[in-house]
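Q: build me a model from this:
(one chain, ligands or ions: 1)
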Amino acid sequence: MAETTLFTRIINREIPAEIIYEDDLCIVINDISPQAPVHMLVIPRKPIAKLADAGEDDKSLLGHLMWVAGEVARQAGVAESFRLVVNNGLGAGQTVFHLHLHVLADSQADSKSSETFSESNI
Ligand code: 5GP
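A: All right, here's what the predicted structure looks like:
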């Protein structure tokens, strides 16, 4: 049987996290080690190890995760300027093998249009 992932343990409330949003398909939490003023993780309840492992039957779930990313960015006030990052595989820097989308933004992004969000390590 597949090992329970760290994010499944967060979803099951076995490990605490700052939960921003959840629905029947996914959860959004604040990253424990933020690389930007706003750094959220959109995580499907389904423990797909990495993006390249998603099947054809996961297409609507992947679309839903993208929609949720925009929704939580709106809620955080950064809808005009944010980045989405998915690390796929060890070589790309993936450390938690449960698919997740990083939502990264400058918390002032919507109010300071002259300043741009700098590069992060993600
Ligand atoms: P990856 O490197 O796999 O793309 O991203 C994994 C992310 O999960 C990292 O940004 C890391 O800081 C975050 N992370 C790892 N463990 C925890 C945890 O226990 N709680 C939270 N909220 N984030 C975590």
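Q: ok, longest strand in the protein?
A: strand 38-44 (DSSP state E).
Q: direction included, what does that strand pair against?
A: strand 26-30 (antiparallel), strand 101-105 (antiparallel) (DSSP bridges).
Q: spell out which residues of the chain are next to the ligand.
A: 6, 15, 17, 29-33, 41, 87, 93-96 (C-beta under 6 Å from any ligand atom). Where C-beta positions appear, they are placed from N, C-alpha and C, glycine not excepted.
Q: please redo it, this time with the cut-off set to 8 Å
A: 6-7, 10, 15, 17-18, 29-35, 39, 41, 85-87, 92-97, 100, 102, 122 (C-beta under 8 Å from any ligand atom).
Q: pLDDT value on the nearest residue to residue 58 once chain neighbours are set aside, please?
A: The spatially closest residue to residue 58, leaving aside those adjacent along the chain, is residue 48, at 6.5 Å (C-beta to C-beta, 6 or more residues apart in numbering). Per-residue pLDDT puts residue 48 at 98.
Q: geometric centre of this protein: which residue is closest?
A: residue 41 (2.4 Å; C-alpha atoms, centre = their mean).
Q: what about residue 73, distance to the ligand?
A: Per C-beta to the nearest ligand atom, to the nearest Å, residue 73 is found 17 Å from the ligand.
Q: just the C-alpha atoms of the helix or strand hosting that residue, please, in CSV.
A: Element membership of residue 73 [criterion: DSSP states H and E] is helix 59-76. Extracted in CSV, the C-alpha atoms of helix 59-76 (Å, rounded to 0.1, in the frame of the first residue of the first chain):
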residue,chain,number,x,y,z
LYS,A,59,-7.9,16.6,-16.1
SER,A,60,-10.9,18.2,-14.4
LEU,A,61,-9.2,18.0,-11.0
LEU,A,62,-6.1,19.8,-12.4
GLY,A,63,-8.4,22.5,-13.8
HIS,A,64,-10.1,22.8,-10.5
LEU,A,65,-6.7,23.3,-8.7
MET,A,66,-5.9,26.1,-11.2
TRP,A,67,-9.3,27.8,-10.5
VAL,A,68,-8.7,27.5,-6.7
ALA,A,69,-5.3,29.1,-7.1
GLY,A,70,-6.9,32.1,-8.7
GLU,A,71,-9.7,32.2,-6.1
VAL,A,72,-7.3,32.2,-3.1
ALA,A,73,-5.1,34.8,-4.8
ARG,A,74,-8.2,37.0,-5.1
GLN,A,75,-9.0,36.4,-1.4
ALA,A,76,-5.4,37.3,-0.5
